[in-house]
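Novice: coordinates only, sequence not included:
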């Protein structure tokens, strides 16, 4: 009888112990799953933030108006590098640096500039697809479906005038969009010999592009 009593009393204890063990294991497993999900989510968010910063840098650097008139901001590149070297895939990092190398070239002719522009466009499309693959494991988009928008014809015409007169303007301290937007047409024309009309074209372009740039920055 005593033995039967002991066995009977151990049964509920054993069941309770096993139930507690499996509940603990189940809770531990759920916690581990949640941690893995959270870590994956945080990693994705880091990548997304890093890749957004890469595109901001590319757009600021290769904007035909801003990029042509300003130097490559190495401090901005360094800030972008900090995030994408931590979170970016090898393919993304490699293509980003390839674009920067293309940008740093010194082109002497329009043909050289056109060739570099086409190369940068190709690399940018490859970069976009590398990001799609790394972030979402998506198939690459066909190159012909990707479009990168450029300034209008008026701005392009003004940039050609800038290219023609850049050495003369830089001698009087005008090196960027801000400087062009504040040109004293009469004084600069007298100092450089550049016709009033061409200076007005550049000044109008600079004011228009700075306005669009500010609107773009506010929209981000």
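Specialist: Yep, it's here. Bear in mind the structure is a predicted one, so any value in this text is a computation, not a measurement. Numbers count the residues shown, from 1 in each chain.

Novice: residue boundaries of the helices in the protein?
Specialist: Along the chain, the stretches classed as helices by DSSP state H are 2-62, 66-69, 74-87, 90-103, 110-136, 153-171, 177-181, 185-192, 196-219.

Novice: CSV please, covering those and showing mean pLDDT, distance to residue 144 and mean neighbour count.
Specialist: Heads up, the C-betas are built off the backbone N, CA and C, glycines and all. Output for the helices of the chain, formatted as CSV (pLDDT from 0 to 100; distance: least, Cβ to Cβ, whole Å; neighbours: other Cβ atoms under 10 Å):
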stretch, mean pLDDT, distance to residue 144, mean neighbour count
helix 2-62, 65, 20, 12
helix 66-69, 52, 24, 17
helix 74-87, 72, 27, 14
helix 90-103, 88, 19, 17
helix 110-136, 89, 9, 16
helix 153-171, 88, 23, 15
helix 177-181, 89, 32, 19
helix 185-192, 95, 43, 14
helix 196-219, 86, 26, 15
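
Novice: Among the ones you listed, which comes closest to residue 143?
Specialist: Relative to residue 143, the nearest member of the helices of the chain by Cβ to Cβ is helix 110-136, separated by 5.0 Å.

Novice: now for the closest one, which elements pack on it?
Specialist: The helices and strands touching helix 110-136, judged by 3 or more Cβ pairs under 8 Å, 6 or more residues apart in numbering; DSSP states H and E, are helix 2-62, helix 90-103.

Novice: change it to 10 Å
Specialist: Helix 110-136 sits against helix 2-62, helix 90-103, helix 153-171, with contacts defined as 3 or more Cβ pairs under 10 Å, 6 or more residues apart in numbering; DSSP states H and E.

Novice: The last one relative to helix 110-136, how many degrees between them?
Specialist: Pointing back at helix 153-171 there. Here helix 153-171 points in a direction 110 degrees away from that of helix 110-136 (axes from the mean of the first three to the mean of the last three Cα atoms, to 10 degrees).

Novice: and residue 147, which of the helices of the chain is closest to it?
Specialist: Comparing the helices of the chain by Cβ to Cβ, helix 110-136 comes nearest, at 9.7 Å.

Novice: now the closest one: how far from the chain's centre is it?
Specialist: Mean-position distance between helix 110-136 and its chain equals 13 Å (Cα atoms, centre = their mean, to the nearest Å).

Novice: got the angle for that helix vs helix 90-103?
Specialist: Following the same axes, to 10 degrees, one obtains 160 degrees for the angle between helix 110-136 and helix 90-103.

Novice: Pop the domain breakdown of the chain in here.
Specialist: Domains of the chain are assigned by automatic domain parsing as 42-150, 151-220.

Novice: In contact with residue 160, which residues?
Specialist: Applying Cβ atoms under 10 Å, 6 or more residues apart in numbering, we find residue 160 in contact with 110, 201.

Novice: ok so, going back, for residue 146, find the nearest of the helices of the chain.
Specialist: Across those, residue 146 has its closest neighbour in helix 110-136 (4.9 Å, Cβ to Cβ).

Novice: Contacts only, for the residue positioned nearest the centre of the chain.
Specialist: The residue lying closest to the centre of the chain (Cα atoms, centre = their mean) is residue 55, at 1.6 Å. Contacts for residue 55 were tallied using Cβ under 10 Å, 6+ apart; they are 80, 96, 124, 127-128, 131.

Novice: can you list these in JSON lines and add distance to residue 86?
Specialist: Written out in JSON lines, the entries for the contacts of residue 55 read as follows (distance: Cβ to Cβ, whole Å):
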{"residue": "80", "distance to residue 86": "11"}
{"residue": "96", "distance to residue 86": "14"}
{"residue": "124", "distance to residue 86": "22"}
{"residue": "127", "distance to residue 86": "18"}
{"residue": "128", "distance to residue 86": "20"}
{"residue": "131", "distance to residue 86": "15"}
